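Enquirer: Output the structure for:
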Amino acid sequence: MNPLNASADIITHIKEHRSVREYEKREISEKDLTKILESGIRASSSGNMQAYSIIVTKDINIRKELYPHHFNQEMVMDAPVLLTFCADFNRMRKWLDISNAPENFDNFMSFMIGSIDATLASQNCALAAESLGLGVCYMGTTLANAHKIGEVLNLPKNVVPIVGFSLGYPKGVTNKKDRLPLSSIVHEEKYQDYTTSEIQEIYREREQSGMKRYKDVRELNEKIEAGHIENLAQVYTKIKYTKESHELYSRNLFEYLKEQNFFN
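Expert: Have a look, this model is predicted:
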């Protein structure tokens, strides 16, 4: 049997993905966790260097330290496991050193290579976890607070946290979020820029479902009303992802990359 055809239902499986933020009080077996991690390291990797590391965090005290840096998201404490995927050239550079080879990979291109490798590995782990009946929720706070999370996780030079997710057995059924239509994402042959009417059509359903979802959350609805927010685009840019917050995260990340030896 062709190993690529081992799971005929893989496309259905991928399409059923949803973020899981509430978990059962149930541990993950070491056997299943190993399967997930082994799936992760089979991901494609630039030059087969595997310039990433995976931090498995179960200890409740360490998760308490990480909790505020993940913006107090409850799944950090509720899920039995957190996985943090890091761009890592520490291991590679140590090997170069003992092999009398130039210690390259201390530049921004190397950071990007490690970041892509880490992200690919994380997606493999997520798919493997879901195939075993587990759920995940990716946390953008991993990169936003990379410097603080790196400190808690004792990351050495040449290592930066990129993506992370909570991992556990879902509690109840989680709604699947909508996605933009395929026709708005895929470009044939070359990039085809969008007209105003096309943009309005692409985001029409997202506007309706997104605004409803945010208004259903009392805290967010209060901010929407207080800020006289008129549409979903303004929710994204005036409440969730402000210019000030992203400039702060950018400055923090750039400084951390310098400290971690990726801007030489």
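
Enquirer: Tell me which stretches of the stretch 101-250 of the chain form strands.
Expert: Across the stretch 101-250 of the chain, reading from the start of the chain, the strands by DSSP state E, counting those that start in this stretch fall at 135-138, 159-168.

Enquirer: by contact count, what packs against the longest one?
Expert: Meaning strand 159-168. strand 52-57, helix 75-78, strand 81-88, helix 108-131, strand 135-138, helix 141-144, helix 146-152 (3 or more CB pairs under 8 Å, 6 or more residues apart in numbering; DSSP states H and E). Backbone N, C-alpha and C define where each C-beta goes, glycine included.

Enquirer: about what we covered before: who wins for proximity to Ala101 among the strands of the stretch 101-250 of the chain?
Expert: When the strands of the stretch 101-250 of the chain are compared for distance to Ala101 using CB to CB, the nearest one is strand 159-168, at 19.5 Å.

Enquirer: Domain map for the chain?
Expert: The record's domain split for the chain, according to automatic domain parsing, is 8-174, 182-245.

Enquirer: one step back: quick check: which of the strands of the stretch 101-250 of the chain is nearest to Thr57?
Expert: Nearest to Thr57 among the strands of the stretch 101-250 of the chain is strand 159-168 (8.9 Å), distances taken as CB to CB.

Enquirer: Distance from the chain centre to that closest one, please.
Expert: 6 Å (CA atoms, centre = their mean, to the nearest Å).

Enquirer: May I have that strand exported as PDB, CA atoms only?
Expert: Extracted as PDB, the C-alpha positions of strand 159-168 are listed here (Å, rounded to 0.1, in the frame of the first residue of the first chain):
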ATOM      1  CA  VAL A 159      16.400  29.900  19.800                       C
ATOM      2  CA  VAL A 160      13.100  31.900  19.500                       C
ATOM      3  CA  PRO A 161       9.500  30.700  20.200                       C
ATOM      4  CA  ILE A 162       7.300  30.900  17.100                       C
ATOM      5  CA  VAL A 163       4.000  29.100  17.500                       C
ATOM      6  CA  GLY A 164       2.400  27.200  20.300                       C
ATOM      7  CA  PHE A 165      -0.900  25.500  21.000                       C
ATOM      8  CA  SER A 166      -2.800  24.000  23.900                       C
ATOM      9  CA  LEU A 167      -3.400  20.200  23.500                       C
ATOM     10  CA  GLY A 168      -6.100  18.000  25.100                       C
END
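
Enquirer: partners of that strand, with directions?
Expert: Looking at strand 159-168 with DSSP bridges, its partner strands are strand 81-88 (antiparallel), strand 135-138 (antiparallel).
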